[in-house]
Structures are given as structure tokens and as C-alpha cells.
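In: Fold the following.
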Amino acid sequence: LQVAKRSKRLCTDITDLCMHAEKSQSTTKPRKCAWCGLDCYTICITCKDDVTKKGIPLHLNASKGKGAGKQCFFKWHDENHFGLGKNDRSKILRLDKSGWKEPTKREVQANR
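Out: Numbers count the residues shown, from 1 in each chain. Sure thing, here's the model as predicted:
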């Protein structure tokens, strides 16, 4: 958790979150969302992948397709959701991504 805080992934207030949102970019080529694993067309360029050093793909205001209405961007940057996303499952917990499912409210509360 401390590493994530230092990396500026986790936003402690609305100002931090707005900075990430303002620096997000749309793409024409789909990439797998780091939170849910579905195709998405938005990248948080403030956050960088440890390996590729590229921005992190996340659903942000998606209005079409399976990602419509998903809150992946906000969950990815929220401390209470840290470790519960699909990429976190494999990179932090060292578990297979295929077993991932959206966390329940109870799981999020237990993760605080």
C-alpha cells in the first residue's frame, strides 16, 4: 500500500483524482482495463505500468459497450479498492487473473 501511495496511483482527495482525470487520454485502439479486464479506450497517463512504462487503461465515462457506466477509473485510484482489481490480483496477490470478479461491498469494506 505504501508503494502505491508513493507512486501517486492512490488519490487521497478530489484534487488528486481530478488531476488524474484531466490527464487521461482517449485511444482508438482498445486496451484491457487494469481494473476489470474488459476492452477500454481511456488511459490514465499519470499512472504508469511498472513493466511497459505506459499509461494504465481504465474505463472513464464509457458510454458504449460492456464498459458503459463502469467506475473502474475511480476504483483503481481509491485506497479502499487497492488490491481488488484484476491487475492487482496477479501483480500484487500473485493469483491468476481468470478467477477475478468484481468485489462485493463486503469485500471492499474488509479491505479498508
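In: What is the longest helix that the chain contains packed up against?
Out: Counting by DSSP state H, the longest helix found in the chain is helix 14-22. The elements that helix 14-22 packs onto, with contact taken as 3 or more C-beta pairs under 8 Å, 6 or more residues apart in numbering; DSSP states H and E, are strand 39-48, helix 72-76. All C-beta spots, glycine's among them, are computed from the backbone N, C-alpha and C.
In: what's in contact with the helix or strand just after that helix?
Out: Next helix or strand after helix 14-22 toward the C-terminus (DSSP states H and E): strand 24-32. With contact meaning C-beta atoms under 8 Å, 6 or more residues apart in numbering, strand 24-32 is reached by 38-46, 55, 57-58, 60, 73.
In: what sits against the residue nearest the centre of the chain?
Out: Centroid-nearest residue in the chain, with C-alpha atoms, centre = their mean: residue 76, separated by 3.1 Å. Residue 76 is in contact with 9, 34, 35, 44, 47, 56, 58, 85, counting by C-beta under 8 Å, 6+ apart.
In: cutoff 6 Å now
Out: Counting by C-beta atoms under 6 Å, 6 or more residues apart in numbering, residue 76 touches 35, 58, 85.
In: pretty sure the first one is in a strand, no?
Out: In this case it means residue 35. No. Counting by DSSP: H, G, I helix; E, B strand; the rest coil, residue 35 falls outside a strand, being coil.
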